[in-house]
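# curious how this folds, go ahead:
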Amino acid sequence: MKIKRIYDAPAKTDGTRVLVDRVWPRGMTKEHAAVDLWLKEIAPSATLRKWFAHDAKRWAEFQSRYRAELDANAAVVQQLRDLAAKEKITLLYSAHDTEHNNAVALSGYLAGGRLTR
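Numbering: from 1, shown residues only. Coordinates of the predicted model:
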């Protein structure tokens, strides 16, 4: 599983490109995004997203809260796990911060729940 900003050019090595943001990325056309699947339901809730506001100081707490949301959303998590078991996938996100974003947190969750620093 790879993680990539949606604004980076698509590559053949991406496999299935899965957008994991709740809101469509600003200025991105659907053609340029080359998204195969948009899983809005797996993104953090609007309340959590607004609270986090990409503040790195809130990263650990954001991950904990997001993991709780993912635990409560088992069906969509299983959908993504099933897809990843069958083929290569790339999680797409739009945040500027490449280390503190929902795709990084989601990847850690799918890898066994590990938190990143």
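# which residues touch the residue nearest the centre of the chain?
In the chain, the centroid-proximal residue (Cα atoms, centre = their mean) is residue 103; its distance is 2.9 Å. Residues near residue 103 by Cβ atoms under 8 Å, 6 or more residues apart in numbering: 3, 20, 91-93, 95. Heads up, the C-betas are built off the backbone N, CA and C, glycines and all.
# residue 31 too?
Per Cβ under 8 Å, 6+ apart, neighbours of residue 31: none.
# helix, strand, or coil at it?
Per DSSP: H, G, I helix; E, B strand; the rest coil, the local secondary structure of residue 31 is helix.
# tell me where the chain has strands.
Secondary structure of the chain by DSSP state E: the strands cover 2-5, 16-19, 37-38, 89-93.
# just these: most buried one?
Between the strands of the chain, strand 89-93 has the highest mean count of neighbours, a mean of 24, where neighbours are mean count of other Cβ atoms under 10 Å.
# now do it: which elements does it pack against?
Helices and strands in packing contact with strand 89-93 are listed as strand 2-5, strand 16-19, helix 102-110; criterion 3 or more Cβ pairs under 8 Å, 6 or more residues apart in numbering; DSSP states H and E.
# go with 6 Å
In terms of contacts (3 or more Cβ pairs under 6 Å, 6 or more residues apart in numbering; DSSP states H and E), strand 89-93 is packed against strand 2-5, strand 16-19.
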